[in-house]
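# could you work out the structure for the sequence below:
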Amino acid sequence: MTTPLVHEPSALALTVNGDPRSVAAGSSLSDLLASLKLDPRLVVVEHNRTILRDRDAYPSIALADGDVLEIVHFVGGG
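The predicted model follows:
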């Protein structure tokens, strides 16, 4: 009996702020923020309709194909 090969996608399809985006398979939320050049301390992230409050957990949050993220960036001003 042979084991069927499982194809791991090399890229994940995400929706970020309403726009399609792809990231490498195995990427974390921290990886995504780094690729967008966003400081995790200055954003609020909603991941699949759940607001993420623990920024220390971002490196351990694995992204999956089809995830939907909303990222709000704080901008200071006077």
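# ranges for the helices of the protein?
29-35 (DSSP state H).
# which residues in it form strands?
Listed in chain order, the strands of the chain (DSSP state E) span 11-16, 19-24, 43-47, 50-52, 68-73.
# quick one: residue 14 and residue 70 touch, right?
No. Using Cβ atoms under 8 Å, residue 14 is not in contact with residue 70, being 11.3 Å away. For the C-beta atoms, the positions are set from N, CA and C on the backbone; glycine is no exception.
# tell me which of these two has more neighbours.
Applying other Cβ atoms under 10 Å to residue 14 and residue 70 shows that residue 14 carries more neighbours, namely 19 against 15.
# in TSV, list the strands of the chain along with distance to residue 37 and mean pLDDT.
TSV is the format used below for these (distance: least, Cβ to Cβ, whole Å; pLDDT from 0 to 100):
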stretch	distance to residue 37	mean pLDDT
strand 11-16	13	96
strand 19-24	14	96
strand 43-47	11	97
strand 50-52	19	97
strand 68-73	10	96
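# can you pull the contacts of residue 15?
21, 67, 68, 69 (Cβ atoms under 8 Å, 6 or more residues apart in numbering).
# apply 7 Å and report the result again.
residue 68 (Cβ atoms under 7 Å, 6 or more residues apart in numbering).
# state the distance from it to residue 23.
Residue 15 is 12 Å from residue 23, where distance means Cβ to Cβ, to the nearest Å.
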